[in-house]
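> My questions are about this predicted structure, shown below with the sequence.
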Amino acid sequence: MIDILWLFNTLIELYLYVIIANAVLSWLVAFNVVNTSNRLVYSIMDATYRLTEPALRPIRQVIPNLGGLDISPLILWVGITFIQRVVNRILISMIY
């Protein structure tokens, strides 16, 4: 059971890193620091977009438009962290 808890936490942490990478890359593209015509940058942007967009899309549909500010990754981050803590407490209470 502890191994399942470790695997769950590791997968959640990796997904949170992907959310951060997607947000940072979108800022870098918006400020013309990196160019999406670069094949490596495009591949990384595409991968992070495909991994995060299914979770971010419902949040973006609910949140009103704040201009150029997209807070949906932050809301997703908080929601996933909350779910992670709830599941951890439940699994830990089952173990002990």
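Yes, it's here.
> Now do the phi/psi pair for the residue minimising distance to the centre of the chain.
Nearest to the geometric centre of the chain sits residue 19, at 2.7 Å (CA atoms, centre = their mean). For residue 19, the backbone dihedrals are phi -60, psi -40 (criterion: degrees, to the nearest 10).
> My guess is it contacts residue 76. True?
Yes - between residue 19 and residue 76 there is a contact under CB atoms under 8 Å: 6.1 Å. C-beta here means a position set from N, CA and C on the backbone, and glycine is covered the same way.
> Common neighbours of these two, please.
residue 52 (CB atoms under 8 Å, 6 or more residues apart in numbering).
> What are the boundaries of the helices in the protein?
2-30, 39-62, 72-95 (DSSP state H).
> Could you dump those helices into a markdown table and include mean pLDDT?
Formatted as a markdown table, the helices of the chain follow (pLDDT from 0 to 100):
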| stretch | mean pLDDT |
| --- | --- |
| helix 2-30 | 94 |
| helix 39-62 | 95 |
| helix 72-95 | 94 |
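> Contact partners for the residue lying closest to residue 87 once chain neighbours are set aside?
Spatially, and ignoring its direct neighbours in sequence, residue 87 is nearest to residue 8 (6.5 Å; CB to CB, 6 or more residues apart in numbering). Listed by CB under 8 Å, 6+ apart, the contact partners of residue 8 are 84, 87-88, 91.
> Report the separation between residue 8 and residue 31.
Distance of residue 8 to residue 31, given as CB to CB, to the nearest Å: 36 Å.
> what do you get for residue 56?
Going from residue 56 to residue 31 by CB to CB gives 20 Å.
> Looking at those two, which is more packed in?
Of the pair residue 56 and residue 31, residue 56 is the one with more neighbours under other CB atoms under 10 Å, namely 19 against 8.
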